[in-house]
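Trainee: return a 3D structure for these sequence lines:
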Amino acid sequence: MNETQKKIYEGLKQISPEIGAFYKDALMIMGDDCLLSTKANLIAHLSREIDGGFRDIFAPKLPETKKKEAEEKEKLEDNKEGHRANIIRALGFENDKISKEWLSLAHSFNKFAHRHGHTPRTFEEFKGNWDRYEKILHVLTGSAYAITDRINHIVKFDTPTKLVMGSVKQIMEDPVHRFQFFSSLKAQEWLLPLYEAGFFSSDTYPKSQHEEEWFQLRYLLYIAKTANEKQQGTIIQIIRNLQQSVVEGKTKINDHTISFMLGTLAKLPNYVLNENDIDLLVFLNGQWVNSHKFYESNFTEGFLKNHLETNNKEGLIKLLTYCFSFDKQEIKIDGFEELGLSYQKRVIPNLSEPYLRVINQHIPEIIKIGGINLIEQLAVKLNELYIARPYELSAIPSIEISEQSSMYSGDWESSLVDFLTKSGETLSPGDLKIYVKLLFSQQCVTHSRIAIHLIRLHYSQLSSLFWEWLKSQKLDVLFPIHELYLLIRERFKNLSDEDFNMLITWIENITFQTEHLSPDEIKASIILRIRQYLDALKPEKEDQQRLLQSILTKYQDENSHPLEHPEFDGYSTAGYAYDFPEDVDELKEKSVAEQISYLSGFIIPDHFNNIPMGLGTLMNNYIIDEPEKYLSKLHEMGKLPLIYLEQFISSFCHVMKNGALPDWKKPMDSFISWSTENNKSGKTNIYELASFLLLLSESNDTYQFTEDNLDLLLTKTVHLLSLDDYKTLEHLNEDYSGFMLNDGNAKLFDALVNFSRLWAKLQSAGTSPVLHPHVKDYLESNLSRISEKDKVFSIGLGMHIPFFHYADSDWCISNVDKIFPAENKLHFLYTIIGVFSNRYLPSKSVIKYMYDTGLNSSAVKIFQKDSPELNRLCRLALVEYFFIDPSVINKEQSLLSLIIAEENPLQFEKLINVCINLEKSTVLPVIELWQRVLDKCLTDPDKFKSTINSLVLLSDNLSELSADAIALIETCVSYLNDGRSSYILIRNLLRLSEKIPDKVSELLLKIWEQTGIRPYANYELKQFVGMLYIKGMQKQADEICMYVASTGNLTLKPIYDHHHLDQF
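Mentor: Numbers count the residues shown, from 1 in each chain. Below is the predicted model:
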């Protein structure tokens, strides 16, 4: 067999082993070693058997109701070919050319199959017909798309024949075909034949939880809603068998499969969740404790919706009982074994809070059907939760929606309470009374809170139940106050004297049992609670008012703590605004002296007093609006606390940015005085002063600093940098650039460099060095640094090496051992980290300085973990290679050569990632870099497997696929995985495919086969396949189409059909 014949044979065998055998025998008879003289007759007979097989499977006899229509249609055909009309129907799609060709051949085969004279027909006479016939067979069965057409044809049958079922069984061996079949099948009459043929048996269940889907469920989901009673029973049995297999541990399924399963059951009319369903869900919930469950929407969008539409009371009760239930589990926790805390007890809800919230949106409809029976069962669930986790319910501030409860609405316990509360509000008076009695009979305090809430809403009907409860219960300090407080405040204004006195006595007899407080603390807590309850009581009778006032006075004398929010046990607020005094509106119009006096009257802020911050913010705005008003009063303003002064400095920074600060000297002197005198120094305040000086150093266009100005500014800045008050002892392990951006001392160092740069520009041309003497003295006096306090100096020195090397290169070279003190590991590290900071553009002078001083080797050894500094190291190496001197890849002490020699996988991958993001890189250097790194990786492919995968990302930098590039790609392909790199390589191969499409097609197939990734038939791949066909590369185009189709992706089928079916 040639390749085409092998495909035809495999396709025929998939449809029917018998038909495949007919074809195989025909090929054997055609062989040169077959000496039969009646070859043509025999092969013609076999072709008729093949056609007959197709007729029986793909054009089965029609029911009587349609038979007459078909017969009438056959009469219209040519008499000699009318008996072949059903084979045309077997084709399954419209194509006149193929239909006519097939009919013509069928007529010809008929002539060859029967005797016509004394001499047998020669095979040579028959050969042309056979070649034509194989083209048709190739269309029908010789490709993945052909089998797809067969499946699309089969699933349109209303019901299958035995032969069709046999063919389906063969085709279903391939999971891709199984997916297509069950996704496309819509006819419910197929269910029982499929079931009886074993298509839903345990042998077909998924074998892996994460990789496989049970495609049969897609069909069941589609037909469930319209299935008849017998079919519904079959569907239930199929799912029941699968559930049992999962629970017994024989089958593993993922939550998408569960979603299909539940979705199918939910569509069945009148189906009610039963113990089998719940056992499975509880089993899976235990396995997927911390996983998002995709199937949860089936409970709200499926079962709930169905039960409401059908008024299914039993279904609603079982559904909601499950949804509001929970599981108790012990979760292993690591790291606390020594404390005896190896496990944590957790309550895992069956349904997560967002879906419970959806249920609560339908409470009126639910209660109309489920009634009090449903509520009673869910009330028991609340009691079970209270027993399992009593503290879970204590955080609920109020039963009804309030300003406080809305802040705690994101947990499932609140959803259960909300359901029980709102459900009670919808009950009839008779059921409501029964419900409240039930609530008061439970031991959970939350039940009583719901009951009290409902009594408040329906007091005239339920008042007796409250007073009965009051007589039977002792009031406790820990009983949540909110509902009882509102009931007393809103409903007890006209109590009888007897009830009034009984209520007072009940409140005063409140108890509090605890071992955690002293007797005095217990007494204080009791008195405070009594006052809170009595505060709610607002009697209208005068004698009751006098009695209440006398009692309140007695308790206030014992405990006068203010009752800020007496109706809540705890009160929460959230916001970002500042508090202000009541007369703050007058502040803006006051004089500066009056404002200073006003601000002095407020204390330094604490957690509960942010007025000074608010006032400082207002003053900030006033200064920005009218800077001239305050510039003459800076000395007086300096007498205020630092909390105000730091905001004043910040406001003058804004003034400077706005170009509204005419004089910088006086503000600078004042701000330095504020920060360094009268014991006011502090890190927070120096940040604002440093920000001012840094901004000033960037404002030369505005102030046109003279050399004298810069002498002064540098002197001031050096002085501030020399003060230890602003230096921190905190050790840094990461985010060095972030520290330098946010530390006040670091801002001063940046300002020093900026002022130095401005001073250097003012020096005469040819002057060298141009480093200010004060700055040089400052640097030399700190080179011997040893403390953590000096980290800003070291990091700043490293960051600004480009400037210092420009200003005084001899000093940088002669002091290299002091700038980078090898004996002081701490400051060597800080300084070299500064050099490789990302804050500044790559500098050619730094690259040369590091190379000349031999520091590259240390840098490559230090930066071996992922960090911004490693990124900078690789960037400098590549800038030198691509933009300065490509030959550095051959220089032993260059950064790039050292990185390659180090053979660190992380450094390699960072080098690759930086390379593909460079603004510009040329093809030849990229190829050379790729080759050098790959050579190192191939010495230990297991160690560098990830790096080899990343190397193909360099294809982003290619503008053509040279022979060298192809060789590199081919080597890397053998090590590729299914990650991002493979997809990017495919994208780039398609981008560069025009000149060598045959090689690209070969590489694409290798990548897909090596990695197992599913081809994405996007626009570029479609264009590429079309180009292959146009260029006459049908073999390559067919191979790509077939591979893509084998994964279940049929996107390329129209292109394939266009270039194959048109041949007829």
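Trainee: show me where the stretch 501-650 of the chain has strands.
Mentor: The residue ranges that make up strands in the stretch 501-650 of the chain, judged by DSSP state E, counting those that start in this stretch, are empty, as it has none.
Trainee: what of the chain?
Mentor: Listed in chain order, the strands of the chain (DSSP state E) span 326-332, 343-349.
Trainee: in TSV, list those strands along with distance to residue 647.
Mentor: Where C-beta positions appear, they are placed from N, C-alpha and C, glycine not excepted. Listed next are the strands of the chain as TSV, based on distance: least, Cβ to Cβ, whole Å:
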stretch	distance to residue 647
strand 326-332	48
strand 343-349	46
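Trainee: now those strands as a markdown table including mean neighbour count, distance to residue 279 and mean pLDDT?
Mentor: What follows is these, written out as a markdown table (neighbours: other Cβ atoms under 10 Å; distance: least, Cβ to Cβ, whole Å; pLDDT from 0 to 100):
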| stretch | mean neighbour count | distance to residue 279 | mean pLDDT |
| --- | --- | --- | --- |
| strand 326-332 | 13 | 12 | 75 |
| strand 343-349 | 14 | 16 | 74 |
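Trainee: hey, which helix or strand in this structure has the poorest pLDDT?
Mentor: Every helix and strand in the chain was compared by mean pLDDT, DSSP states H and E; the lowest is helix 64-75, with a mean of 48.
Trainee: so which of the strands of the chain gets nearest residue 199?
Mentor: Set against residue 199 and scored by Cβ to Cβ, the strands of the chain come closest in strand 326-332, at 34.6 Å.
Trainee: next one: the closest one to chain centre, how far?
Mentor: Remark: strand 326-332 is offset 26 Å from the chain centroid, using Cα atoms, centre = their mean, to the nearest Å.
Trainee: which one of the strands of the chain lies nearest to residue 865?
Mentor: Counting by Cβ to Cβ, residue 865 lies closest to strand 326-332 out of those; the figure is 30.6 Å.
Trainee: listing partners with orientation, what would you give for the closest one?
Mentor: strand 343-349 (antiparallel) (DSSP bridges).
Trainee: which residues touch residue 375?
Mentor: 367, 420, 423-424, 427, 435 (Cβ atoms under 8 Å, 6 or more residues apart in numbering).
Trainee: can I get those in JSON lines with distance to residue 300?
Mentor: Supplementary listing: the contacts of residue 375 in JSON lines, determined by distance: Cβ to Cβ, whole Å:
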{"residue": "367", "distance to residue 300": "17"}
{"residue": "420", "distance to residue 300": "18"}
{"residue": "423", "distance to residue 300": "17"}
{"residue": "424", "distance to residue 300": "22"}
{"residue": "427", "distance to residue 300": "23"}
{"residue": "435", "distance to residue 300": "25"}
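Trainee: closest one to residue 980 out of these, please.
Mentor: Proximity of those to residue 980, judged by Cβ to Cβ, is greatest for residue 420, which lies at 49.9 Å.
Trainee: I'd like the distance between the closest one and residue 946.
Mentor: Computed as Cβ to Cβ, to the nearest Å, the residue 420 to residue 946 distance reads 55 Å.
Trainee: higher neighbour count, these two?
Mentor: When neighbours are counted by other Cβ atoms under 10 Å, residue 420 comes out ahead of the other of residue 420 and residue 946, with 23 against 17.
Trainee: does the more buried one touch residue 378 like I think?
Mentor: Yes: with the criterion set as Cβ atoms under 8 Å, residue 420 and residue 378 qualify as a contacting pair; they are 6.1 Å apart.
Trainee: got the CA coordinates for stretch 133-143 in CSV?
Mentor: As requested, C-alpha coordinates have been extracted for stretch 133-143 and formatted as CSV (Å, rounded to 0.1, in the frame of the first residue of the first chain):
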residue,chain,number,x,y,z
TYR,A,133,-12.6,5.3,-7.3
GLU,A,134,-9.7,5.6,-4.9
LYS,A,135,-9.9,9.4,-5.2
ILE,A,136,-13.6,9.1,-4.0
LEU,A,137,-12.7,6.7,-1.2
HIS,A,138,-10.0,9.2,-0.1
VAL,A,139,-12.6,11.9,0.1
LEU,A,140,-15.0,9.6,2.0
THR,A,141,-12.6,8.0,4.5
GLY,A,142,-8.9,8.8,3.7
SER,A,143,-8.4,11.7,6.1
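Trainee: could you give the separation of that stretch from the chain centroid?
Mentor: For stretch 133-143, the gap between its own C-alpha mean and the chain's C-alpha mean amounts to 47 Å (Cα atoms, centre = their mean).
Trainee: now do it: everything it contacts.
Mentor: By Cβ under 8 Å, 6+ apart, stretch 133-143 touches 4-5, 7-8, 11-12, 14-15, 23, 47, 50, 54, 91, 98, 101-102, 105, 109, 146-147, 149-150, 1038, 1041-1042, 1045, 1056, 1060-1061, 1063-1064.
Trainee: rerun at 7 Å
Mentor: Contacts of stretch 133-143 from elsewhere in the structure, counted by Cβ atoms under 7 Å, 6 or more residues apart in numbering, are 4, 7-8, 11-12, 15, 47, 98, 101-102, 105, 146-147, 1042, 1060-1061.
Trainee: check stretch 1013-1020 too.
Mentor: With Cβ under 7 Å, 6+ apart as the criterion, stretch 1013-1020 contacts 978, 982, 990, 1008, 1021, 1043-1044, 1047, 1049, 1051-1052.
Trainee: follow-up on the earlier one: mind checking which of the contacts of stretch 133-143 are buried?
Mentor: When burial is judged by neighbour count using 16 or more other Cβ atoms under 10 Å, the buried members of the contacts of stretch 133-143 are 7-8, 11-12, 15, 47, 98, 101-102, 105, 146-147, 1042, 1060.
Trainee: wait, what's in contact with the closest residue to residue 220 other than its chain neighbours?
Mentor: What sits nearest to residue 220 in space, not counting adjacent residues and going by Cβ to Cβ, 6 or more residues apart in numbering, is residue 264, at 4.7 Å. Neighbour list for residue 264: 217, 220-221, 224, 235, 239 [criterion: Cβ under 7 Å, 6+ apart].
Trainee: for residue 192, see how far away residue 264 is.
Mentor: The value you get for residue 264 to residue 192, if Cβ to Cβ is used, is 16 Å.
Trainee: swap in residue 41?
Mentor: From residue 41 across to residue 192, the span is 43 Å (Cβ to Cβ).
Trainee: between the two, which is the more surrounded one?
Mentor: Counted by other Cβ under 10 Å, residue 41 and residue 192 do not tie: residue 41 has more neighbours, with 19 against 13.
Trainee: report pLDDT for that one.
Mentor: What the model reports for residue 41 is a pLDDT of 85.
Trainee: give the contact list for it.
Mentor: By Cβ under 7 Å, 6+ apart, the residues touching residue 41 are 112-113, 120-121.
Trainee: only whichever of those are buried, select them in PyMOL.
Mentor: Paste this into PyMOL to select the buried members of the contacts of residue 41, with burial taken from 16+ other Cβ under 10 Å:
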select buried, resi 112+113+121
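Trainee: redo the contacts of residue 41 as TSV? Include distance to residue 774 and pLDDT.
Mentor: Rendered in TSV, the data for the contacts of residue 41 read as follows (distance: Cβ to Cβ, whole Å; pLDDT from 0 to 100):
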residue	distance to residue 774	pLDDT
112	110	78
113	111	70
120	116	74
121	113	75
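Trainee: can you list the buried residues in stretch 1000-1009?
Mentor: Of the residues in stretch 1000-1009, those with enough neighbours to count as buried (16+ other Cβ under 10 Å) are 1000-1001, 1003-1005, 1007-1008.
Trainee: ditto for stretch 151-165
Mentor: Taking 16+ other Cβ under 10 Å as the basis for neighbour counts, the residues of stretch 151-165 that come out buried are 151, 153-155, 157, 160, 163-165.
Trainee: residue 520: which of those is nearest?
Mentor: Nearest to residue 520 among the buried residues of stretch 151-165: residue 155, at 83.0 Å, using Cβ to Cβ.
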